[in-house]
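**Q** my questions concern the predicted model and sequence given below.
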Amino acid sequence: MQGWWEFLELKQKEGVKTERVRLVREPLSDYVRWELEIHKQSMQHGDDIRVLTAEKINSSLEALQDFWLIDEHTVLKMQYSPAGEYHGFSASPEMQVALDAKNYLLSNSISLSDFKPSK
């Protein structure tokens, strides 16, 4: 993780903003609890991580794949196996879908530092 944190710090010094929204389903699994603790450490290095609970997700976004939106001009969709293993990414032409999703997700989520799991 140290390499990622150094990358975040460098990008922050260059004026790059990193934002992400983590969709969570409650009650949280032990793995998700662990993951959120790691994300809290990333926040100390400049990563803006937000949380949105599943019940607050807009139904039109439920089928949306995990994606990265880079500088609002490149969309990369993450590829996973049925078991959830990461298999890389592919470029996507769905810019407007990604921009609309970004706006919805950022405006309806809360900072991870403010998130209090229900159980």
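**A** Looks like it arrived, so ask away. Note that this is a predicted model, so its numbers are computed, not measured.

**Q** contact partners for His39?
**A** Contact analysis of His39 by CB atoms under 8 Å, 6 or more residues apart in numbering lists Arg22, Asp47, Ile49, Leu112. The way it works is simple: take the backbone N, C-alpha and C, and place the C-beta from them, glycine included.

**Q** closest one of these to Leu64?
**A** Set against Leu64, the nearest of these by CB to CB is Arg22 (13.8 Å).

**Q** and that closest one, helix, strand or coil?
**A** Put simply, Arg22 is strand when judged by DSSP: H, G, I helix; E, B strand; the rest coil.

**Q** same deal with Ala98?
**A** Quick answer, by three-state DSSP: Ala98 is helix.

**Q** and it, how many neighbours?
**A** Using other CB atoms under 10 Å, Ala98 is surrounded by 21 other residues.

**Q** go on, Tyr86?
**A** Counted with other CB under 10 Å, residues neighbouring Tyr86 total 10.
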